[in-house]
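Visitor: The sequence isn't on hand, but the structure is:
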């Protein structure tokens, strides 16, 4: 049974930074590509970033490019999303996800989801 548990969300002012973490259990984490998605009220879940099992390949959604960085530590079985220069429009629930490939992740082909962590950016 794969479990993904997010942490690190909270309230931050515009221009600030947050680092989200996703703890992976129940599986050898390096087998899976990992990703982050977000969902704001009344909107569809949006792809944010993905990273390959080895960590050598990353990809970002348009909203994250240049501001967010995804990384992973397979020894700690944790995936991170460093978010800088946050904007009010980044306010959403952020979900960790696991899938078979980064390409599949971008197409929302996700095998496992976390429960989400709320990020609120005030103006």
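Guide: Done, it's in. Fair warning: this is a prediction, and the values are worked out from it, not measured in the lab.
Visitor: Any stretches of this protein with poor pLDDT?
Guide: For the chain, the stretches with pLDDT under 70 are 29.
Visitor: can you give me the helices for it?
Guide: 102-106 (DSSP state H).
Visitor: Just want the most central residue of it.
Guide: Nearest to the mean C-alpha position of the chain, by Cα atoms, centre = their mean, lies residue 36 at 2.3 Å.
Visitor: Could you pull out the buried residues of stretch 30-42?
Guide: By neighbour count with 16 or more other Cβ atoms under 10 Å, stretch 30-42 contains the buried residues 30, 32-38. (Each C-beta comes from the backbone N, C-alpha and C, glycine too.)
Visitor: Please report the number of neighbouring residues for residue 109.
Guide: 13 (other Cβ atoms under 10 Å).
Visitor: distance of the residue nearest to it when sequence neighbours are not counted from residue 52?
Guide: Closest residue to residue 109 apart from its sequence neighbours, by Cβ to Cβ, 6 or more residues apart in numbering: residue 99 at 5.6 Å. Distance check for residue 99 against residue 52: by Cβ to Cβ, to the nearest Å, it reads 11 Å.
Visitor: higher neighbour count, the two?
Guide: Shown here are residue 99 and residue 52; by other Cβ under 10 Å, residue 99 has more neighbours (21 against 18).
Visitor: ok, back up a step: what is in contact with residue 99 and residue 52 at once?
Guide: By the contact definition Cβ atoms under 8 Å, 6 or more residues apart in numbering, residue 99 and residue 52 are jointly contacted by residue 33.
Visitor: For residue 20, give me its contacts.
Guide: Applying Cβ under 8 Å, 6+ apart, the residues contacting residue 20 are 6-9, 36, 80-81, 83, 94, 96, 117, 119.
Visitor: Which strand residues bridge it?
Guide: As for beta bridges, residue 20 partners with residue 81 under DSSP bridges.
Visitor: now do residue 51
Guide: Under the criterion used (DSSP bridges), residue 51 bridges to residue 34, residue 58.
Visitor: nearest residue to residue 17 other than its sequence neighbours?
Guide: residue 84 is the one closest to residue 17 (Cβ to Cβ, 6+ apart), at 4.7 Å.
Visitor: likewise residue 46?
Guide: The nearest residue in space to residue 46 (Cβ to Cβ, 6+ apart) is residue 38, at 5.4 Å.
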